[in-house]
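Visitor: Need the 3D shape of this:
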Amino acid sequence: GESTTTLSLPTPDLTSLTTPEKQGYVFAGWNTAVDGTGVDFDIDNLPSANTTFYAQYVRAFTMTAEGETTIGISKNGTPDWTPDLYYSIDDGATWTQWEVGTTTVTLDQSEQVSFYGTNKSGFNHSIGVYQDGSYNVGGIFYYFTNSDNKVSLSGNIMTIVDGFSPTNTVPDYCFAGLFKGMKIKNADQLQLPTGMAPYAYAYTFYNSSIEKAPALPATTVADHAYESMFNGCTSLTAIGNIPATTIGNYAMRNMFYKCTHLTTAGNISATKVGEGTCYSMFYGCTMLETAPDTLYAKKLYNTSYHSMFFGCAKLKKAPVILATDIPAPTTASNDNDAMEVMFRQCSLLNEMNVRFKSWADYSSSYMATHLWLEQTTDTSTSIFICPSALNTSSRSTSHIPTNWTIKYIPELWFNVHGGHWIDGTNNVLHIEY
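Guide: Down below sits the predicted model:
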């Protein structure tokens, strides 16, 4: 008769695979598509059919010298942690451990240094923020330094968090203060993750000489995450869109504070904001001419837009303000001032466009829009566009300046996504996108 023998084949040990290498890059796993858009390799969920996986890489975080410069890492205060960091000056061919407080690297023009690390709990764990009425960076953290000439930043910043498997998961405070005061030319090729955490980028470029900022891809921004991120960056001239639709408490407070050469700001897509979200966001940006087209949030909170454009002396057209739910002070001591001094000292401002139908006032001295248009252009050529239900008889810099011309939006108007308005006087329809 016939006999049958069952053979047991050994299961391949996939845990011992040699990590592939690509010069100047960090290995980021396997995927069924060459471009990484397929299915990731999961050792606990192996495919049931023959499958080919392709190695995925990300460019390591890299600094490129614009001239001779020496790179170092300093610390503010006395951290109780030390970053685990490695560097390469030969495009990733060899890596050397960085000894914080000892290691420095000197680069000539166009030379590069790349970094990776294992700092899954965050490169930084704390930062100093708003304290005792002043803004400072007096916390405990590490930050890069350089001498003489500028550097440009590129690559995936997450490689200094987890160089063996960089992800989009960002720990709290991770990049806070990281490039404080550094001589930076461009960072527009620096890749930031879509992930987010509280204080993740607080003061990241504070007082640096950065000229071009990185894209900000996060769709949700945690509390304080972008606070003072570019505060004092006087060489920054333009910033792109902020695509996040939900932005937390104080998330963008002082984000571009006194960026005195900033002329153009991209769109802010947030439909949900919190307390102090845009507090002093563009304060003192004296060259700002192009502001975000629209502020989409319908509901505001205490200080949501407080002093947002204070001192933007070249700004002529304010963003369309779609907010209709605005808190008013409930007592004389209550501080619900969602838009207090929002456009104060915008001396060329001559167009406002709002959607709220009533003023959020407690009294003639306490209101959500207290002095919001003080020291703006007070002439008949300045236009205030608003719903016809809004009381426009109260003329002051806390409501509508005395000589401004009113243009009403009829009750029958529609709003596709926010934008402009229907001019009932001139019978012109402006469709909003």
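
Visitor: C-alpha from now on. contacts and neighbour counts both.
Guide: Will do.

Visitor: Let me know the secondary structure of F384.
Guide: Following DSSP: H, G, I helix; E, B strand; the rest coil, we place F384 in the strand state.

Visitor: okay, now it: neighbour count?
Guide: F384 has 18 neighbours, counted by other C-alpha atoms under 10 Å.

Visitor: how about I71, what does it touch?
Guide: Each residue near I71 by C-alpha atoms under 8 Å, 6 or more residues apart in numbering is listed here: T104, V105, T106, L107, F144, T145, N146, S147.

Visitor: give me phi/psi at M158?
Guide: Backbone torsions of M158, given as degrees, to the nearest 10, read phi -70, psi -10.

Visitor: Give the closest residue to it in space, chain neighbours not counted.
Guide: Of all residues not flanking M158 in the chain, P166 sits nearest, at 5.5 Å (C-alpha to C-alpha, 6 or more residues apart in numbering).

Visitor: P198 versus the one you found, what's the distance?
Guide: 19 Å (C-alpha to C-alpha, to the nearest Å).

Visitor: who's more crowded, those two?
Guide: Neighbours were counted for P166 and for P198 using other C-alpha under 10 Å; P166 has more, 25 against 22.

Visitor: so who does the more buried one touch?
Guide: Taking C-alpha under 8 Å, 6+ apart, one finds A28, M158, T159 in contact with P166.

Visitor: what does Y142 give?
Guide: Contacts of Y142 by C-alpha under 8 Å, 6+ apart are I73, S74, K75, N76, P79, F123, N124, G177, L178.

Visitor: let's see it at 6 Å
Guide: S74, K75 (C-alpha atoms under 6 Å, 6 or more residues apart in numbering).

Visitor: M63 too?
Guide: Q112, V113, V151, S152, L153.

Visitor: Y296: which of the residues you listed is nearest?
Guide: Closest approach between the contacts of M63 and Y296, by C-alpha to C-alpha: L153, at 32.2 Å.

Visitor: That closest one reaches D188, doesn't it?
Guide: No. At 7.6 Å, L153 does not count as touching D188 under the criterion of C-alpha atoms under 6 Å.

Visitor: so the residue minimising distance to the centre of the chain, which of the three states?
Guide: The centre of the chain sits closest to Y226, judged by C-alpha atoms, centre = their mean, with a distance of 4.8 Å. Using three-state DSSP, the structure places Y226 in coil.

Visitor: Verify the contact between it and Y250 for me.
Guide: No. Contact criterion C-alpha under 6 Å: Y226 and Y250 do not qualify, at 8.3 Å.

Visitor: Between the two, which contacts overlap?
Guide: Counting by C-alpha under 6 Å, 6+ apart, nothing touches both Y226 and Y250.

Visitor: is it possible to export the contacts of I71 to CSV including pLDDT, secondary structure and neighbour count?
Guide: Shown next, in CSV, are those (pLDDT from 0 to 100; DSSP: H, G, I helix; E, B strand; the rest coil; neighbours: other C-alpha atoms under 10 Å):
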residue, pLDDT, secondary structure, neighbour count
T104, 97, coil, 15
V105, 98, strand, 15
T106, 98, strand, 16
L107, 97, strand, 21
F144, 97, strand, 16
T145, 97, strand, 20
N146, 97, strand, 22
S147, 95, coil, 15
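
Visitor: ok, which pair from the residues you listed is furthest apart?
Guide: L107 and F144 (14.5 Å).

Visitor: Could you list the low-pLDDT ranges of the stretch 101-250 of the chain?
Guide: 129-138 (pLDDT under 70).

Visitor: And the strands in it, which stretches?
Guide: 105-107, 112-117, 141-146, 151-156, 189-191, 220-221, 238-239, 246-247 (DSSP state E, counting those that start in this stretch).

Visitor: Can you tell me which of the ones you listed is nearest to G128?
Guide: That would be strand 141-146 among these, by C-alpha to C-alpha, at 8.8 Å.

Visitor: Output the closest one as PDB - backbone C-alpha positions only.
Guide: Coordinates of each C-alpha in strand 141-146 appear next as PDB, following Å, rounded to 0.1, in the frame of the first residue of the first chain:
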ATOM      1  CA  PHE A 141      16.000  71.800  27.700                       C
ATOM      2  CA  TYR A 142      18.700  71.100  25.200                       C
ATOM      3  CA  TYR A 143      19.300  73.100  22.000                       C
ATOM      4  CA  PHE A 144      21.600  73.100  19.000                       C
ATOM      5  CA  THR A 145      24.100  75.900  18.600                       C
ATOM      6  CA  ASN A 146      26.400  77.100  15.800                       C
END
